[in-house]
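**Student:** After the sequence you'll find the predicted model.
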Amino acid sequence: MTSTDTSRQTQLNALYTALAAIPAGRVVTYGQLASLAGRPGAARWVGSVLNKLPVDTQLPWHRVVAAGGRIALPALEAQKQCRRLAAEGVPNKGRIDLALYGW
DNA sequence: GTTCTGACCTGAA
DNA sequence: ATTCAGGCCAGAA
């Protein structure tokens, strides 16, 4: 195996760890999560990973939002995410205040 | 090998 | 506030 493969796997693990480390009532942006995973600028990569994430995952994927507290998901999924966040103590109306609930 | 696409980000008009 | 363009990473065609 090449060193890039192992490295990529390690970063992926770091991403899951960082995401799991996000407490309820707190949200992070894709770029920030990418930085936490040791890959600044790889926000798109994070989105790709979350998209392929299984439906029965235990990871708090709903705590990940786009820059400015904007929801990156389509209307339906976004509504579900907003609902979930509100249930965790993050009141939002289609947009989240990162100044208050941001990491 | 190139080209397109996607749960992105920033800055400018 | 909304729209556009350039840049970023990785996987699929």
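**Tutor:** Arrived safely, thanks for sending.
**Student:** give me the number of residues near residue A:17?
**Tutor:** With neighbours defined by other CB atoms under 10 Å, the count for residue A:17 comes to 12. Quick note: C-beta positions are derived from backbone N, CA and C, even for glycine.
**Student:** quick one: secondary structure of it?
**Tutor:** With DSSP: H, G, I helix; E, B strand; the rest coil as the basis, residue A:17 sits in helix.
**Student:** Could you do residue A:11 as well?
**Tutor:** Secondary structure for residue A:11, judged by three-state DSSP, is helix.
**Student:** which residues touch it?
**Tutor:** Residue A:11 makes contact with A:37, A:38, A:39, according to CB atoms under 8 Å, 6 or more residues apart in numbering.
**Student:** In space, what's closest to the first one - neighbours in sequence excluded?
**Tutor:** On the basis of CB to CB, 6 or more residues apart in numbering, the spatially nearest residue to residue A:37 that is not a chain neighbour turns out to be residue A:15, at 4.0 Å.
**Student:** which residues pair with the one residue sitting closest to the centre of chain A across the strands?
**Tutor:** When chain A is reduced to its mean C-alpha position, the closest residue under CA atoms, centre = their mean turns out to be residue A:64, at 2.8 Å. Beta bridges link residue A:64 to residue A:28, judged by DSSP bridges.
**Student:** How about the contacts made by it?
**Tutor:** Residue A:64 is in contact with A:19, A:22, A:27, A:28, A:29, A:30, A:33, A:46, A:50, counting by CB under 8 Å, 6+ apart.
**Student:** Appreciated, that's everything.
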